[in-house]
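**Student:** sequence and predicted structure below; questions after.
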Amino acid sequence: MQRPKGTRDLFGEELASIRHVERTMSDVFKRYGYEEVETPAFEPLELFTKKSGESVVKQLYAFKDKSDRELALRPELTAPVIRLYISQLRSAPKPVKLCYFGNCFRYEEPQAQRWRQFLQSGTEIIGSAQAEADAEVIALSDEIMRELGLSDYELRIGHTRLLREVLAHAGVKGSAQDPIMRAIDSREEVRLRAELDCAQVKARDEKLLRSLIALRGSVKVLRQAEKLVAGLPKAKAALGDLHEILEHVRSFGAEKFTIDLGIARGLEYYTDLVFELYIDGVQVAGGGRYDELIELLGGDPCSAVGVGFGVDRIARALLGRGMIVPRERLDCVVLPAGEGVLSECLKIAGELRRVGLLVDIDLMGRKLSKAIAYADAQGAKGAIIVGTKDLKEGKVTLRDMRTGKQELVARRELVNKLKAVP
RNA sequence: GCCAGGGUAGUGUAGUGGUUAGCAUUCGGGACUGUGGAUCCCGCAGCCCGGGUUCGAAUCCCGGCCCUGGCCCCA
C-alpha cells in the first residue's frame, strides 16, 4: 500500500524537528497571551468558498457525506478559527487572542515544500483595530524565528489598502481590483500591463501605481511613497497606518524588516497590513489585517489581524541547516542475565519509569552479549544487568555504557541511586 | 490540470532481452550458555501496478500509480 499522493510519513529527525518548532511556537504564543483553540479537520464547504469564491473548490478536498452535506477538508485555519469565534467567543473580552496548530489539505500538484497535507499554525487577534495589534503579530513572528535560530529570515511588509485606494482613485472599484492585485502579486510585468489595460487605467495612474509597487527598502521608502500619493488623502491615510505599525514594531524590538509595497496577496482577504516571511526564498509565514472577513462569514463587523506559519517548511529549514534536535537519551536499559530474573527486571523497569527515568528493557529474550549491544545501539547512558547470582545476594550490576565500568548496587538502593545521577 | 526526469530488499545501489536478480548496510540468530561497539557464519527481505511485443521482459512499448522538480497558485 502506498501513501496517497502528496502526503508524508513523518518519523525520526524530521518529526522531531516539527515537534520542536511546534513547542517553540507554543511557548511564544503563550508568552504573548494567546489561548489555543482546535477546530475540526473538515467544515461546511461554504466556509471556504465564501471568502474566496467557487474558484478555490478545485483546490479543496470537497465531498458530500452520507447525508449529502457539502463538506471540505480545511485548506487553512483562519476561516475555521473565525467561525469558532463567531459561534462561541463573540462576547469574550476583546481582544480575543487565539492560537492554533493543525493539518491542512489542498488538492494541488505536490512539489518542493508543497504537499497535499501540511501543518499550519498561527494566531489571530480579533477585536482590535489598533496599529499596536498589527505590530504585535509581526513582533511575535519575528520572535519565533529568532527563538528557533532562524534569524536570517526575510520579513517583507506591505499594505494592500494603499494599493486599493490608488486603484479606486483610478476608477477601478471593488472586486474589479482583484485581478490587478493578483497581477501585482505575481510580479509579472506583462500580466500587470494586460490587467491595467483591461481596466482602462489612465497612464498617469498606472505610473503612480508602478512607482509605488516598485518601492522596497527601509523606512525611507515611506517618505517617497508619501510624496507619490500626496494628492490622495485615503492612500495617504493607509501609509500613515503602515508608518504607525512600523513604529510599534520597532518598539517591540523587531528591527529587521523590508518594506515592500508590491505585496498584494490578491486572492486573500487582507484589507490593510500584509506581510510575508521568507527563509532561503521559501515563504514560511504570511499574515495581515482582515477587517471584513468576520462580517463576510456572518459575524458582526469586527477587525482582526493574524499570521499563519508553515510548520513543515520551518522545520525543513532547520534540518537544511543541520540544526537537528538532539534526541533524548535513554537513562538505562534493563537486561536480564540468566534464568528466572525476568519478572524482577520488569519490576525494576517499572519503578525507574515511575520516578521519571527514561528506561528501556530487552523485549527480545536476547542473550546478554546481544542485549548489551542493543543497549549500546539505543544510545543508553547505562545498563542494569540483573543476574541470577547477584540477585540472590540482593544486588544488581550497574554498567556505565560509555566507560564500561560496572558496580554492584543493592537492589533496594537502585532507584535512589539512579535518581541521584544527573 | 499541464510539463520534464525518475521508480530493483527497510535504506543505498549493480544489472540494457536468457543471471538461482548481485553488492553494501540495516534487522534477526549463531560462533560467544553473565558482558557491547571488532570479526566470521547463517537467516529475513526486492524488480511500483496492469496490459502488450517476444520462445523468453527488471530490461523494449503503452496506460496507470507514486516520487523529485517546474508552471499555476500557495504554507
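**Tutor:** Perfect, thanks for sending it.

**Student:** which stretches of the stretch 101-250 of chain A form helices?
**Tutor:** Taking DSSP state H, counting those that start in this stretch, the helices of the stretch 101-250 of chain A run over residues A:131-147, A:160-169, A:178-186, A:189-198, A:203-213, A:220-228, A:233-251.

**Student:** could you dump these into CSV with distance to RNA strand B added?
**Tutor:** C-beta here means a position set from N, CA and C on the backbone, and glycine is covered the same way. Output for the helices of the stretch 101-250 of chain A, formatted as CSV (distance: least, CB to the nearest atom of the strand, whole Å):
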stretch, distance to RNA strand B
helix A:131-147, 12
helix A:160-169, 13
helix A:178-186, 5
helix A:189-198, 8
helix A:203-213, 15
helix A:220-228, 23
helix A:233-251, 20
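
**Student:** where does the stretch 251-400 of chain A dip in pLDDT?
**Tutor:** A:266-267 (pLDDT under 70).

**Student:** returning to that earlier point: what's the closest of the helices of the stretch 101-250 of chain A to residue A:313?
**Tutor:** Closest to residue A:313 of the helices of the stretch 101-250 of chain A, according to CB to CB: helix A:131-147, at 12.0 Å.

**Student:** what is the closest one packed up against?
**Tutor:** Using 3 or more CB pairs under 8 Å, 6 or more residues apart in numbering; DSSP states H and E, the elements in contact with helix A:131-147 are helix A:12-31, strand A:117-126, strand A:154-159, helix A:233-251, strand A:273-279, strand A:282-289, strand A:304-310.

**Student:** switch to 6 Å and redo it
**Tutor:** Applying 3 or more CB pairs under 6 Å, 6 or more residues apart in numbering; DSSP states H and E, we find helix A:131-147 packed against helix A:12-31, helix A:233-251, strand A:282-289, strand A:304-310.

**Student:** columns mean neighbour count on top of these, output as TSV?
**Tutor:** As requested, the helices and strands packed on helix A:131-147 are arranged in TSV below (neighbours: other CB atoms under 10 Å):
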stretch	mean neighbour count
helix A:12-31	17
helix A:233-251	18
strand A:282-289	23
strand A:304-310	25
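
**Student:** between those, which one is nearest to residue A:406?
**Tutor:** Here helix A:12-31 is closest among these (CB to CB), at 31.9 Å.

**Student:** make JSON lines out of the helices of the stretch 101-250 of chain A and add distance to residue A:329.
**Tutor:** Shown next, in JSON lines, are these (distance: least, CB to CB, whole Å):
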{"stretch": "helix A:131-147", "distance to residue A:329": "24"}
{"stretch": "helix A:160-169", "distance to residue A:329": "50"}
{"stretch": "helix A:178-186", "distance to residue A:329": "48"}
{"stretch": "helix A:189-198", "distance to residue A:329": "55"}
{"stretch": "helix A:203-213", "distance to residue A:329": "53"}
{"stretch": "helix A:220-228", "distance to residue A:329": "51"}
{"stretch": "helix A:233-251", "distance to residue A:329": "41"}
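
**Student:** please convert the helices and strands packed on helix A:131-147 to CSV, extending it with distance to residue A:135.
**Tutor:** As requested, the helices and strands packed on helix A:131-147 are exported to CSV (distance: least, CB to CB, whole Å):
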stretch, distance to residue A:135
helix A:12-31, 15
helix A:233-251, 3
strand A:282-289, 11
strand A:304-310, 9
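
**Student:** which one of these lies nearest to residue A:352?
**Tutor:** Closest approach to residue A:352 among the helices and strands packed on helix A:131-147 (CB to CB): helix A:12-31, 23.7 Å.

**Student:** what is the mean pLDDT for the helix or strand following the closest one?
**Tutor:** Next in sequence after helix A:12-31, counting helices and strands by DSSP states H and E, comes strand A:35-36. Throughout strand A:35-36, pLDDT has a mean value of 97.

**Student:** quickly list the domain ranges of chain A.
**Tutor:** A:12-320, A:332-420 (automatic domain parsing).

**Student:** tabulate those domains (a markdown table), appending distance to residue A:4.
**Tutor:** As requested, the domains of chain A are exported to a markdown table (distance: least, CB to CB, whole Å):
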| stretch | distance to residue A:4 |
| --- | --- |
| domain A:12-320 | 7 |
| domain A:332-420 | 33 |
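
**Student:** out of the ones you listed, deepest packed?
**Tutor:** Stretch with highest mean neighbour count among the domains of chain A: domain A:12-320 (a mean of 18; mean count of other CB atoms under 10 Å).

**Student:** any idea how far apart the tips of that domain sit?
**Tutor:** The first and last residues of domain A:12-320 sit 15 Å apart, counting by CA to CA, to the nearest Å.
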